[in-house]
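[1] please find the sequence and the predicted model below.
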Amino acid sequence: LPAAVFHLVPPRPASVPIKGRHVFVTGGSYGIGLAIAKRAAAEGAAKVSLLARGLDKLEAAREEILRDTSCREVAIFSVDVREEGAVKRAVEAAGPIDVLICNHGVFFPIELENQDTEEIKLTLDVNLMGNFHLIKAALPTMKAGASASAPRSIAIISSQAGQVGIYGYAAYSASKFALRGLAESLQQELIGHNVHVSLVFPPDTETPGFAEEVKRRPEATAAIASSSGAMTAAAVAEKVLRGIKAAAFTVTCNFEGVMLSLATAGMSSQRSWAMALAEILGSGFMRFLGIYYQYSWYRTIARCQGKQKNKKRGPIYKGLSYVIFN
Ligand SMILES: NC(=O)C1=CN([C@@H]2O[C@H](COP(=O)(O)OP(=O)(O)OC[C@H]3O[C@@H](n4cnc5c(N)ncnc54)[C@H](OP(=O)(O)O)[C@@H]3O)[C@@H](O)[C@H]2O)C=CC1
Ligand SMILES: CCCCCCCCCCCCCCCC(=O)[C@@H](N)CO
């Protein structure tokens, strides 16, 4: 078996350089995106481009990168990824991109029944269609300038909620699962053109967006998400850059992430024969573990929903049932 795996997944180290290159990061004005941009700049990127909506945050991010790293060229683009024409103009103005990092994203955790259709559409428009707009705009020049000695990369930031559906994330998980289909297909189309695709699955990460999210997310969402340890944006950025440089398709960020990638290996491409072997040998046990996790999550959900009902019933009923049943 190891010989067969070794034959099917030969160790052909592809490496995407960061030094001297043009790295374009969406959602690069704060949070994970800014951490990625800073890290790329610190690793010697010649030019960093940041795209997000808010101009003030973009300007502050540019100052921060110029101050903290030796990168001398930081371009900023105040654009909403939902606007295809504006995205196209920004990508053209930025010039040929070596490493495109699609990181922008929105998350509004809430039970589907209580979520407005407008918010669902917004989640899909930003998290999914935004990626299509960017990739379509960047592809022609990215393909044209890539070579075997200097391959290029498209990295897409999904989420661990893009590997398993989580309570409160119906719209968000749908948008992130969709990115896997996009990434798997795209990798097949680009492999012959020396462009590698990486799909990143971060756990909860300390960012401004996450700070807003924790204020409003349902108790069950928080409890289930805490099955995977939280990380800092800088730690996630380190994993992202490492994954891009190794041209890894699946990029995990923590131990639980590795377990999750084994449990959801599916038919994604795998260029590490060691991981391929672990996926094959671990599949039965990982399914068992996955079923165990679901069991424990359903118990968590039942506990949270029980509390909700008590809350809704109010103190009078509670007192009554106390009198009647005790
Ligand atoms: N933090 C977490 O717990 C996790 C996050 N992720 C994913 O990582 C990515 C980054 O998350 P995080 O750093 O926490 O998010 P933040 O909310 O902290 O930052 C989001 C970034 O995206 C930009 N952005 C938001 N909407 C748009 C838009 N319509 N057009 C262009 N830019 C936009 C924001 O700038 P502006 O608002 O000015 O446009 C900002 O730069 C997302 O894809 C998220 O789903 C995955 C797993 C966990
Ligand atoms: C079979 C082995 C299982 C191993 C453990 C599985 C743990 C899964 C936890 C899922 C966490 C989802 C976090 C989403 C973060 C996110 O995207 C939001 N913060 C929005 O930004």
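    Arrived safely, thanks for sending. Ligands and ions are numbered 1, 2, ... in the order given.
[2] pull out the buried residues from stretch 181-193.
    Neighbour-count burial for stretch 181-193 flags 182, 183, 184, 186, 187, 190 (criterion: 16 or more other CB atoms under 10 Å). (Glycine included, C-beta is placed from N, CA and C.)
[3] with stretch 150-158 instead?
    Under the neighbour-count criterion of 16+ other CB under 10 Å, stretch 150-158 has 151, 152, 153, 154, 155, 156, 157, 158 buried.
[4] wait, the second one touches residue 138, no?
    Read that as residue 152. No. Residue 152 lies out of contact with residue 138 (CB atoms under 8 Å); the separation is 9.4 Å.
[5] spit out the contact partners of residue 45.
    Shown in contact with residue 45 (CB atoms under 8 Å, 6 or more residues apart in numbering): 18, 19, 20, 21, 22, 23, 71, 99.
[6] so who does residue 123 touch?
    106, 107, 108, 171, 172, 174, 175.
[7] closest to ligand 2 out of these?
    residue 107 (3.9 Å; CB to the nearest ligand atom).
[8] can you map out the helices along the protein?
    2-8, 31-42, 55-68, 84-94, 117-124, 130-145, 170-190, 208-216, 219-225, 233-245, 255-263, 273-325 (DSSP state H).
[9] please identify the most buried of those.
    helix 31-42 (a mean of 26; mean count of other CB atoms under 10 Å).
[10] which stretch among the helices of the chain comes nearest residue 202?
    helix 233-245 (4.8 Å; CB to CB).
[11] need the max-distance pair from the contacts of residue 45.
    71 and 99 (13.4 Å).
[12] of those two, who's got more company?
    Applying other CB atoms under 10 Å to residue 71 and residue 99 shows that residue 99 carries more neighbours, namely 27 against 20.
[13] just grab the bridge partners of that one for me.
    Beta-bridge pairing of residue 99 under DSSP bridges involves residue 23, residue 153.
[14] I'd say it and residue 40 touch.
    Yes. When contacts are counted by CB under 8 Å, residue 99 is listed as touching residue 40 (7.2 Å).
[15] what do these two both touch?
    In contact with both residue 99 and residue 40: 18, 23, using CB under 8 Å, 6+ apart.
[16] what's near enough to touch the closest residue to residue 59 other than its chain neighbours?
    The spatial neighbour of residue 59 that comes closest, neighbours along the chain excluded (CB to CB, 6 or more residues apart in numbering), is residue 76 at 6.7 Å. By CB under 8 Å, 6+ apart, the contact list for residue 76 reads 29, 49, 50, 51, 55, 58, 59, 61, 62.
[17] check the gap between the fourth one and ligand 1 for me.
    In this case it means residue 51. Between residue 51 and ligand 1 the distance is 6 Å, computed by CB to the nearest ligand atom, to the nearest Å.
[18] pretty sure that residue is in contact with residue 24, am I right?
    Yes. Counting by CB under 8 Å, residue 24 is a contact partner of residue 51 at 7.1 Å.
[19] and residue 278, how far is that from residue 152?
    Residue 278 is 28 Å from residue 152, where distance means CB to CB, to the nearest Å.
[20] let me redo that: residue 44
    In this view, residue 44 and residue 152 are 16 Å apart by CB to CB.
[21] can you check residue 230 too?
    Distance, residue 230 to residue 152, by CB to CB: 32 Å.
[22] and what of residue 170?
    Taken as CB to CB, the span from residue 170 to residue 152 is 34 Å.
[23] from residue 25, how far out is the closest residue to ligand 2 within the stretch 151-300 of the chain?
    Relative to ligand 2, the nearest point of the stretch 151-300 of the chain is residue 159 (3.3 Å; CB to the nearest ligand atom). Using CB to CB, residue 159 is found at 17 Å from residue 25.
[24] still on that earlier bit, just the contacts of residue 123 that are near ligand 1?
    Contacts with ligand 1 are made by 106, 107 out of the contacts of residue 123, judged by CB under 6 Å from any ligand atom.
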